[in-house]
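K.L.:
Take a look and give me a structure for this.
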Amino acid sequence: MSDETPICSAKGCRADAVWVLAWNNPKIHTPERRKTWLACEEHREHLSQFLGVRGFLKDVVLLQEWESAQGS
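P.N.:
Okay, here's the model as predicted:
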């Protein structure tokens, strides 16, 4: 793992990421494909709603758990 702390994907936010929002756009991605956004506590709900309204959100996982599952 890098020494850099991952930061939130919300526009203009520089806070440390705590959550991974896994998503895909079914019009352009295969069903198993997962893109990710990172979120701090403050922006998790907002980013989740943005993806959820579009039907893109697949999972919300703590960053630590996501990294462990990815073998990082």
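K.L.:
which parts of stretch 22-31 are buried?
P.N.:
Residues 22-24 are the ones in stretch 22-31 that count as buried (16 or more other Cβ atoms under 10 Å). From N, CA and C alone the C-beta is placed, and that goes for glycine too.
K.L.:
how about CSV for the residues you listed, with pLDDT and secondary structure added?
P.N.:
Shown next, in CSV, are those (pLDDT from 0 to 100; DSSP: H, G, I helix; E, B strand; the rest coil):
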residue, pLDDT, secondary structure
A22, 98, strand
W23, 98, strand
N24, 97, coil
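K.L.:
Can you tell me which of those is closest to D16?
P.N.:
Within the buried residues of stretch 22-31, proximity to D16 (Cβ to Cβ) peaks at A22, which comes in at 18.7 Å.
K.L.:
so what's that closest one bridging to?
P.N.:
The residues listed as beta-bridge partners of A22 by DSSP bridges are T36, D59.
K.L.:
wait, it sits on R33?
P.N.:
No. Taking contacts as Cβ atoms under 8 Å, A22 lies outside contact range of R33: 9.9 Å.
K.L.:
For the chain, give me the ranges with low pLDDT.
P.N.:
Judged by pLDDT under 70, the chain has its weakly predicted residues at 1-3, 72.
K.L.:
All the strands of it, in order from the start?
P.N.:
Using DSSP state E, the strands found in the chain span residues 19-23, 35-39, 57-62.
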